[in-house]
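Colleague: Quick one, fold the following:
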Amino acid sequence: MFGRRGASAPGGRRAAILAATATFSLFLIAALVAAWSVFYAPGPKAREGEATIVTLPSGAGVNAIAAQLRAAGVIRSTDMFKAAVTLTGADRKLRAGEYEVPSRTSLSGVVRLLVDGRVVRHFVTLPEGWSSAQAVDILMAEPILTGEIAEVPEEGTLWPETYEITRGESREAVLERMQVAHERNLARLWARRGPNSIVASPEEAVILASIVEKETGIAAERPRVAAVFTNRLRAGMRLESDPTIVYGITRGRPLGRGIRRSELAQQTEWNTYQIDGLPPTPIANPGEEAIAAVLNPPRSDELFFVADGTGGHVFARTFEEHLANVARWREIERRKAGLPPGAPAPAVPGTVPGVPNAHPDPAEVPEGVVVPEGARVIRVPQQAPAQ
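Modeller: Presented below is the predicted three-dimensional model:
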């Protein structure tokens, strides 16, 4: 009797242990199933639209990230998020940045989004040849940027490029990045200046490059246009560039129409039909190719160019060649306007027309310069010799 009772006691304990183990296993399975369902179940609906934008700052810890996600309505529970990233090892892989979380994204999807670093990237582009006033317009139109711009930067001090921007970044900060890029790239290009360049300083290079930039949108033409302007300056001829007329009128805004004859004769600091040499400031923000072109212009004897009707230009060495090119362009204008041959052609900006002028006084012609028939020659004041 005693032996049987003694034998039954261990059996009872084993049964109790097995029962407890089974109960715990069932509880654990239920807990895992619940956690699994929470981890993969659809998440909260976006409060507005089809997605929620969340920006996670650099250096934020798991607690701060969980709180921010919960506040944005992306997750339901901070504890579940922290448990999920801890158990999966994702807590050491979460990346900062701006995220667009689609509505109803599961907790698993949110964690995967942050681990993969699939951030929303924003870019802003300053095109080559746009003015500083237009650059301000571009930045003011970007809704993710903040703050006002106190004043328009000096013309020609911004580097045309595509910049990545972040939500909440100030507009002034982006402008500063454009200015720093300009200084860095201009120094690099100036170091490669060739012997045929007419410009005497990086500032002059930007001024002339801005005119080249505005004269042609075809990259392959920039060196040739730069050579024409270099030859004109070297010969003492005025640049006679239409974009400089426009800048004197609008200060960097589009004119929106053709240039009037009265504006051709209008006295402004930038009108290169009326002033000698270079204008006092750039007329736009030139890009790398235009600056490189004026710093290393090809050797040529071309002095004129005019539109060719295809978006490019035709170049000429002599005034007679140029007049023939102008006549062909005028005929193209007539056809485009539906006018009969011989009718007056409409005025079109964007050319160097080379309007006939009186023959120059031989005393005004620089020594060794062959002046094309009909071209105007001016005398550029010479620098005083160094003492």
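Colleague: Every contact and neighbour count from this point should use C-alpha atoms.
Modeller: Will do.
Colleague: Quick check: which helices or strands does the helix or strand where L69 lies pack against?
Modeller: Assigned by DSSP states H and E, L69 belongs to helix 62-72. Under the contact definition 3 or more C-alpha pairs under 8 Å, 6 or more residues apart in numbering; DSSP states H and E, helix 62-72 sits against strand 51-56, helix 78-88.
Colleague: let's see 7 Å
Modeller: With contacts taken as 3 or more C-alpha pairs under 7 Å, 6 or more residues apart in numbering; DSSP states H and E, helix 62-72 sits against helix 78-88.
Colleague: Next, the buried residues of the helix it packs on.
Modeller: Residues of helix 78-88 classed as buried by neighbour count (16 or more other C-alpha atoms under 10 Å): 78, 80-82, 84-85.
Colleague: For those, give me CSV that also has distance to V120 and pLDDT.
Modeller: Converted to CSV, the buried residues of helix 78-88 look like this (distance: C-alpha to C-alpha, whole Å; pLDDT from 0 to 100):
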residue, distance to V120, pLDDT
T78, 23, 92
M80, 25, 89
F81, 22, 91
K82, 23, 91
A84, 24, 88
V85, 22, 89
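Colleague: before we move on, back to that, can you state the direction angle for the helix holding L69 and strand 51-56?
Modeller: 150 degrees (axes from the mean of the first three to the mean of the last three C-alpha atoms, to 10 degrees).
Colleague: can I get the CA coordinates of helix 62-72 in PDB?
Modeller: Output in PDB follows, covering the C-alpha atoms of helix 62-72 (Å, rounded to 0.1, in the frame of the first residue of the first chain):
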ATOM      1  CA  VAL A  62      13.900  53.900 -31.000                       C
ATOM      2  CA  ASN A  63      11.800  55.500 -28.400                       C
ATOM      3  CA  ALA A  64      11.700  58.800 -30.200                       C
ATOM      4  CA  ILE A  65      11.000  57.200 -33.500                       C
ATOM      5  CA  ALA A  66       8.200  55.100 -32.100                       C
ATOM      6  CA  ALA A  67       6.600  58.100 -30.500                       C
ATOM      7  CA  GLN A  68       6.800  60.100 -33.700                       C
ATOM      8  CA  LEU A  69       5.300  57.300 -35.800                       C
ATOM      9  CA  ARG A  70       2.500  56.900 -33.200                       C
ATOM     10  CA  ALA A  71       1.800  60.700 -33.200                       C
ATOM     11  CA  ALA A  72       1.600  60.700 -37.000                       C
END
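Colleague: So for it, what gets flagged as buried?
Modeller: Buried residues in helix 62-72 (16+ other C-alpha under 10 Å): 62, 65-70, 72.
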